[in-house]
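**Q** Quick one, structure for this:
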Amino acid sequence: MTEKRKVSIGLVLLSIVVVGTVLVGRALGWWEYADLPVVGRFFPDSATPDPDPDPDVEEPDFSEKIELLQLEIEQREQRISDLQESMRKQEARIEELLAEIAALEEQTLAGRSQKANAELAKTAKIYENMRAQEAAQVLEQMNNEDVRSILYLMPPEAAGAILGKMKPEKAAQIASLQAGK
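**A** As a prediction, this is how the structure comes out:
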């Protein structure tokens, strides 16, 4: 590149920077550049105030608007407070309902347990009324925990008679369950 060409490119870049700076300055409100004779011709000052403001036009009264907005804020704060109180009441009601559900579940489990115990007592009564040999043969086929539960509900004489008719190994296992070992 020749020296003359470098200078020309430099001048063009400089003028672009100057014009860009002026444009940015005007956009940001730096109006003093508009007073320059050359720049002022290209960018007339449009921000000069109207020389004759209308004396009949009143400036708006914002105090009423402010009061209305403050009233609206107070109403919204009251609504928020009311909603928070309602939420607290709902949370308390939820806690009551959860406690009620827990109590009902407990009652249901207790009822089921009582029903199961009643059924087990009936089953024990059936085996108690059977002959000891027959009851022993049937009970030997069941798991030890169930047999222990049934025998525990029988009078000791009936349970002893049935245990006496069982195989010694099975009778020993049931007896050890009963003893808690």
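**Q** the helices in the chain, which residues?
**A** Taking DSSP state H as the test, the helices found in the chain are 3-27, 37-42, 62-129, 132-139, 144-152, 156-165, 168-179.
**Q** ok, residue 133 to residue 163 distance?
**A** To residue 163, residue 133 is 12 Å away according to CB to CB, to the nearest Å. All C-beta spots, glycine's among them, are computed from the backbone N, C-alpha and C.
**Q** more neighbours, the two?
**A** Ranked by neighbour count (other CB atoms under 10 Å), residue 133 and residue 163 place residue 163 first, with 21 against 12.
**Q** Skipping its backbone neighbours, what lies nearest the more buried one in space?
**A** residue 171 (4.7 Å; CB to CB, 6 or more residues apart in numbering).
**Q** still on that earlier bit, I'd like the helices of the chain written out as TSV, with mean pLDDT added.
**A** Listed next are the helices of the chain as TSV, based on pLDDT from 0 to 100:
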stretch	mean pLDDT
helix 3-27	76
helix 37-42	55
helix 62-129	92
helix 132-139	91
helix 144-152	89
helix 156-165	90
helix 168-179	85
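**Q** okay, now residue 128: neighbour count?
**A** For residue 128, using other CB under 10 Å, the count is 19.
**Q** Please look at it and residue 158 and confirm they touch.
**A** Yes: if you go by CB atoms under 8 Å, residue 128 and residue 158 touch, sitting 4.5 Å apart.
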